[in-house]
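> Next input, structure requested:
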Amino acid sequence: MKTALTIGFFDGVHLGHQALLRRLRELPHATILTFSNHPQGLIRPPAPELLISYEERLKQLREYADQVLVVPFTAEFAQMRFDELLDHFDLSHIILGEGSVFGKDRGGTMEAVRLYGLERKIAVEYIPKVLFEGAPISSSRIRKALGEGNTILAEQLLGKRL
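Take a look at the predicted model:
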């Protein structure tokens with residue numbers, strides 16, 4: 001069965017994530033590959049403080065997909081080439097956020113993933129960053145707002161009340 005896939009941690013499931021996930025939801029067999037632990041905890045420790053609990057993140061992600069796959073982000077996983085990871089799926093679409101890179105040595109660049117898709121007749125889409133007041137919405141921007149006590153901005157970026 002052909003699958004539409006996205007990959008990410010999706011901390012906070014903020015408005016930027018929601019734009020990508022709404023596009024994924026439009027496709028048959030929407031699948032989200034996410035992680036039980038934050039990749040930064042392994043790649044550039046320490047992991048950031050999470051915006052929402054693991055349980056809440058999975059609950060929200062399930063609203064956008066037929067299947068949510070959760071894997072631990074381990075040293076072994078981090079050494080997997082992007083194409084090896086994608087080869088585990090029978091893909092119709094790959095939906096990623098603009099600027100997304102993944103796989104060993106960050107080999108899954110936009111150019112490399114587009115070429116992978118072209119060679120295998122898989123549609124590849126990169127969803128543009130969602131801007132708020134001229135700057136991209138990101139989990140780190142939300143954490144910064146919360147650290148400064150700006151819950152109004154954090155709620156605006158999340159698209160929900162805290």
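
> where along the chain do the helices fall?
15-25, 40-43, 54-62, 75-78, 82-86, 110-120, 139-147, 151-158 (DSSP state H).

> Which of the ones you listed has the highest mean neighbour count?
Mean neighbour count, computed with mean count of other C-beta atoms under 10 Å, is highest for helix 15-25 among the helices of the chain, reaching a mean of 20. Where C-beta positions appear, they are placed from N, C-alpha and C, glycine not excepted.

> okay but residue 27 is in contact with residue 4, surely?
Yes. Assessed by C-beta atoms under 8 Å, residue 27 is found in contact with residue 4 at 3.6 Å.

> Minimum distance to residue 94: which of the helices of the chain has it?
helix 110-120 (6.0 Å; C-beta to C-beta).

> mean confidence score for the closest one?
Helix 110-120 shows a mean pLDDT of 98.

> Leaving out chain neighbours, which residue sits closest to residue 25?
The shortest distance from residue 25 to any residue that is not its chain neighbour, by C-beta to C-beta, 6 or more residues apart in numbering, is 4.8 Å, and that residue is residue 64.

> my bad, should have said residue 38
residue 47 (3.9 Å).

> measure the one you found to residue 37 for me?
7 Å (C-beta to C-beta, to the nearest Å).

> cool, residue 148 as well?
With C-beta to C-beta as the criterion, residue 148 and residue 37 are 26 Å apart.

> And residue 96, by the same measure?
Residue 96 is 20 Å from residue 37, where distance means C-beta to C-beta.

> gap between the two ends of stretch 72-90?
The first and last residues of stretch 72-90 sit 21 Å apart, counting by C-alpha to C-alpha, to the nearest Å.
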